[in-house]
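>>> The following block contains a protein sequence and its predicted model.
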Amino acid sequence: KAEGHVEGEKVENPDTGLYYDEYLRQVIDVLETDKHFREKLQTADIEEIKSGKLSRELDLVSHHVRTRLDELKRQEVARLRMLIKAKMDSIQDTGIDHQALLKQFEHLNHQNPDTFEPKDLDMLIKAVSARFE
C-alpha cells in the first residue's frame, strides 16, 4: 500500500521478476475494480492472504469482474501453451506430454483453462508467496 495514494492515481510497481508478472498485475487490477474485494484486500493481513481466506471472497465479486478474470486466465493459458510449443519446436521431440509441461506452471489451475476460480487466486497467491519467502 502506498502512503498518500490518491484515488484513481496509477501507482507504478517494480517488476517482481516473475515470468507471470503481467498476469499477476492484471488480476490485481481487475480485482481492485470490485469495491467489496478491494475493501477486503485492504483490511486483510498477510496471513489471511497466504492462507487462502481472501481467495474465498472471489465468489462475491461482480459478474463483470469474474468475466474479465476468466478472459485473463484464457489469455495466460494461451501464452503458456505458446511458450510450451516454442520449447517443443526448439527441441523437436514429439513424445512430450503437454499436460505434464503445464503442471510446471503453479500460478494457475491448468486443469480448468477457461474460468478463473477461487483456486486460481489461491494458487497465484501461493506461487508469489513461495517465490518471495
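Cool, the structure landed. Residues are numbered from 1 along each chain as shown.
>>> In space, what's closest to Arg79 - neighbours in sequence excluded?
Nearest residue to Arg79, sequence neighbours excluded (CB to CB, 6 or more residues apart in numbering): Tyr23, at 7.9 Å. In this view, the C-beta of every residue, glycine as well, is placed from N, C-alpha and C.
>>> What's the local residue count around that neighbour?
The tally of other residues near Tyr23 (other CB atoms under 10 Å) stands at 20.
>>> any idea which element it lies in?
Assigned by DSSP states H and E, Tyr23 belongs to helix 21-31.
>>> show me where the chain has helices.
Using DSSP state H, the helices of the chain run over residues 21-31, 35-43, 46-51, 63-91, 98-102, 118-131.
>>> Go ahead and name everything in contact with the helix holding Tyr23.
By CB atoms under 8 Å, 6 or more residues apart in numbering, the surrounding residues in contact with helix 21-31 are 13, 15-16, 18, 37-38, 41, 58, 61, 65, 68-69, 72, 76, 79, 107-108, 116, 121, 124, 128.
>>> Also stretch 46-55?
With CB under 8 Å, 6+ apart as the test, stretch 46-55 has contacts from Lys40, Leu41, Ala44, Pro118, Lys119, Leu121, Asp122, Ile125, Lys126, Ser129.
>>> now do the same end-to-end measure for it.
End-to-end span of stretch 46-55 (CA to CA, to the nearest Å): 13 Å.
>>> Kindly write the PyMOL command that selects the buried subset of the contacts of stretch 46-55.
Those of those that count as buried under 16 or more other CB atoms under 10 Å are selected in PyMOL with:
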select buried, resi 40+41+121+122+125+126
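>>> Output the contacts of stretch 46-55 in a markdown table; the columns should cover distance to Asp29 and pLDDT.
Shown next, in a markdown table, are those (distance: CB to CB, whole Å; pLDDT from 0 to 100):
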| residue | distance to Asp29 | pLDDT |
| --- | --- | --- |
| Lys40 | 16 | 91 |
| Leu41 | 12 | 89 |
| Ala44 | 17 | 90 |
| Pro118 | 18 | 90 |
| Lys119 | 20 | 90 |
| Leu121 | 14 | 89 |
| Asp122 | 19 | 89 |
| Ile125 | 15 | 87 |
| Lys126 | 20 | 87 |
| Ser129 | 19 | 83 |
